[in-house]
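**Student:** Fold the following, please.
(one chain, ligands or ions: 1)
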Amino acid sequence: MHTTKTDVVIIGAGPAGSVAAALLAQKGWSVEVVERTHFPRFSIGESLLPQSMTFLEEAGLLDDVDAANFQFKDGAAFHLNGVETSIYFPNKSARGPSTTYQIRREVFDTILAKGAAKKGANVVFGEEVVAFESDDAGATVTVRNEQGGERNIHARFALDASGFGRVLSRLLKLELPSNFPDRRSVFCHVKDNISDDTFDRNKILITINPNNPEIWYWHIPLAEGLSSIGAVGPSDAILAAGATDHERLWSLLGEVPRLTQLLEHATIVRPVNTIAGYACKVSSLVGPNYALLGNAAEFLDPVFSSGVTIALKSASLACDLIDRSLRGESVNWNTEFVDELYVGIETFRACVETWYTGRLQRIIFNRPEQMTDAVRMLTSVLAGYAWDRDNAIVREPQRMLRLLDELSAR
Ligand SMILES: Cc1cc2nc3c(=O)[nH]c(=O)nc-3n(C[C@H](O)[C@H](O)[C@H](O)COP(=O)(O)OP(=O)(O)OC[C@H]3O[C@@H](n4cnc5c(N)ncnc54)[C@H](O)[C@@H]3O)c2cc1C
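**Tutor:** Numbers count the residues shown, from 1 in each chain. Here you go, the predicted model:
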């Protein structure tokens, strides 16, 4: 089989793969990215967090994103039973960007992939990674094109950024069951036709179902009068809501007067779709000359829009280590990549768990004025600054969230 060589091969051109490719190419390494689909292609994950802007800037991709006229985002609004509150990211405790965007992923992912290519990465579309081997000398991926032809790429290091494709966790049997229950989401895009002035397009709106707090909705305003709408909940509860995904989404939306009113004149522009059982984890994020990034490694839950931020953080950490190790420096992947990445993953895990027990919902709706410092720390985490060790919630997420709940219950 024909074999080509490169310094780093990357599986998948989603946000993790393209940002990693740009970071490595701008450090002078040869990079080949293999992407199964053809761009532009739809993907879920449309509301970014301000922390992700740092990684886009580091990869030299922020100017291209800024130029794309995506919907500005400065926080998150929450709605329950007619009561609305919001988290305003500029009130965060951490330094760094306070605002971000709500994006159409087919546009965003294309910009990142083109940006990586402009920096010198070789990004190939319509080819799928089907086999993988690695040892102390490097890694070899086998790639199949749409005509069935196969070739090998030998690299000094391989990154799996295949997202829900989970290429290496399947091929190397790294998959572990997630601790989270089986949840399902139904979602679509609408031309929203919202004329209500009280609706803040600069924030994602998270609404809790009035009858079942385990069901929640996202309403992500996008540019050009579009909105992404979704409902998330236990799979059985979502499936019980109708016979088709379309029926399920619209009957669940119908249970919330505020959403019914907001979407009164909406017309669907992307049909209702579904995704289920998305939470995942693996037994190891690293092995001989490979590492797993973003969703290929771990996915928690969509509620705090943390997916793309975690994906970009993993790319940033890994590329620094690859650069140093390819230059001959010794690096410790377990402490410098795995342990470090898990600082943020565990912070978000605590938030997600606390959300579904109802405690974080209580904190968000009841937070009293005198909790200013604590609220700024929570705002920071929800803005994506989940690796900031100056933040007590990052250092001790479970204990601090319990404490916040006790304070907000007074
Ligand atoms: C319901 C839901 C809502 C979400 N909402 C948000 C949100 O609002 N904000 C947010 O930040 N995150 C959100 N997420 C998470 C977000 O979708 C992911 O975290 C993010 O897309 C991860 O990026 P990635 O680069 O790791 O993977 P992906 O974006 O999945 O990219 C992986 C790429 O790899 C390619 N690929 C797969 N297999 C192969 C193969 N064998 N060979 C070659 N290429 C391959 C795929 O085609 C794809 O292009 C949501 C997730 C869900 C399930």
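**Student:** where's the most centrally placed residue in the chain relative to E46, distance?
**Tutor:** Geometric centre of the chain, nearest residue: G307, 1.6 Å, by CA atoms, centre = their mean. G307 sits 10 Å away from E46, going by CB to CB, to the nearest Å. For every residue, glycine as well, the C-beta is placed using N, CA and C.
**Student:** that older thread, and for the residue nearest to the centre of the chain, nearest residue in space, chain neighbours not counted?
**Tutor:** Excluding the flanking residues, the one nearest G307 by CB to CB, 6 or more residues apart in numbering is G45, at 5.1 Å.
**Student:** How is the one you found assigned, secondary-structure-wise?
**Tutor:** For G45, the secondary-structure state derived from DSSP: H, G, I helix; E, B strand; the rest coil is coil.
**Student:** Retrieve the pLDDT associated with it.
**Tutor:** On pLDDT, G45 comes in at 97.
**Student:** show me the contacts for it.
**Tutor:** 15, 105, 302, 305, 307-308 (CB atoms under 8 Å, 6 or more residues apart in numbering).
**Student:** Also within reach of the ligand: list those from those residues.
**Tutor:** Restricting those to those touching the ligand (CB under 6 Å from any ligand atom) yields 15, 302, 305, 307-308.
**Student:** Could you list which of the residues you listed belong to helices?
**Tutor:** 15, 307-308 (DSSP state H).
**Student:** Any buried residues in stretch 7-26, and which?
**Tutor:** Residues 7-26 are the ones in stretch 7-26 that count as buried (16 or more other CB atoms under 10 Å).
**Student:** related to what we said a few turns ago, spatially, which two of the ones next to the ligand among the contacts of G45 are the most separated?
**Tutor:** P15 and P302 (14.7 Å; CB to CB).
**Student:** of the ones in helices among the ones next to the ligand among the contacts of G45, closest to the ligand?
**Tutor:** When these are ranked by distance to the ligand (CB to the nearest ligand atom), G307 comes first, at 2.2 Å.
**Student:** Per-residue confidence, that closest one, what does it come out as?
**Tutor:** Predicted confidence (pLDDT) for G307: 97.
**Student:** so what's it up against?
**Tutor:** Applying CB under 8 Å, 6+ apart, the residues near G307 are 45, 294-295, 299-300.
**Student:** Secondary structure of R156: a strand, I assume?
**Tutor:** Yes - with three-state DSSP as the criterion, R156 is part of a strand.
**Student:** how much space between it and the ligand?
**Tutor:** 19 Å (CB to the nearest ligand atom, to the nearest Å).
**Student:** repeat for F187
**Tutor:** F187 sits 6 Å away from the ligand, going by CB to the nearest ligand atom.
**Student:** Same question for S380.
**Tutor:** 17 Å.
**Student:** One more: A131?
**Tutor:** 10 Å.
**Student:** thinking V129 is in contact with T142, fair?
**Tutor:** Yes - at 7.1 Å, V129 counts as touching T142 under the criterion of CB atoms under 8 Å.
**Student:** More neighbours: which of those two?
**Tutor:** Using other CB atoms under 10 Å as the criterion, V129 and T142 rank with V129 on top: 24 against 17.
**Student:** Check for me that the more buried one belongs to a strand.
**Tutor:** Yes - looking at V129 with three-state DSSP, it is inside a strand.
**Student:** what about it, distance to T110?
**Tutor:** Distance from V129 to T110, counting by CB to CB: 20 Å.
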